[in-house]
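Chemist: sequence and computational prediction follow.
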Amino acid sequence: MTLCVAWIRQVGQEKELVMATDSRLTGGESWDSGVKLFELPRHDCLLCFAGGTARAYPLILNSISSIKFDSTLANSHTDIHDVLDSLLDLFTALVKDIREPADDINKMRAEAQFLFGGWSWKKQQFCVWRPD
């Protein structure tokens with residue numbers, strides 16, 4: 001079972017985004033210590049996952065590279081809502097491009113679930129999403 005949670009905590013007048021996950025990786029073998037929470041190259045947003053490592057890691061590595069090498073996405077003046085839209089498009093394209101094995105697309109989508117969150121400078125608040 002995987003734990004992957006996010007919440008916005010308030011301490012006095014200050015708010016902060018907290019994200020946490022367990023560290024057990026599975027995918028043909030099990031690792032008791034692994035990374036499931038990733039700070040993206042922008043440093044104002046995080047991405048974590050629950051579920052199959054074999055499906056999640058390629059998607060996360062692609063998202064890190066996508067942000068790192070795209071000057072618009074890497075720019076902190078691009079709001080995280082726009083980053084989320086881009087990541088959703090990327091994930092959709094990558095999953096649709098999987099050729100072997102030819103599994104049911106709905107099964108592939110269910111193999112990993114993600115939480116994405118960070119600071120929206122447009123809304124001046126922390127935001128968290130669980131993309132479906």
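Modeler: Great, that's in hand.

Chemist: can we go C-alpha only for contacts and neighbour counts from here?
Modeler: Will do.

Chemist: the host helix or strand of residue 7 - contacts with which helices or strands?
Modeler: Assigned by DSSP states H and E, residue 7 falls within strand 4-11. Identification of packing neighbours for strand 4-11 by 3 or more C-alpha pairs under 8 Å, 6 or more residues apart in numbering; DSSP states H and E yields strand 14-21, strand 45-51, strand 112-120, strand 125-129.

Chemist: rebuild these as CSV, extending it with mean pLDDT, distance to residue 7 and mean neighbour count.
Modeler: Formatted as CSV, these follow (pLDDT from 0 to 100; distance: least, C-alpha to C-alpha, whole Å; neighbours: other C-alpha atoms under 10 Å):
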stretch, mean pLDDT, distance to residue 7, mean neighbour count
strand 14-21, 93, 5, 14
strand 45-51, 91, 12, 22
strand 112-120, 93, 9, 20
strand 125-129, 95, 8, 17
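
Chemist: which residue is nearest the centroid of the chain?
Modeler: residue 47 (3.1 Å; C-alpha atoms, centre = their mean).

Chemist: can you name the residues that contact it?
Modeler: Contacts here follow C-alpha atoms under 8 Å, 6 or more residues apart in numbering; on that basis residue 47 touches 37, 38, 39, 40, 60, 114, 115, 116, 117.

Chemist: what's the spacing between it and residue 112?
Modeler: Relative to residue 112, residue 47 is positioned 12 Å away (C-alpha to C-alpha, to the nearest Å).

Chemist: same thing with residue 82?
Modeler: 22 Å.
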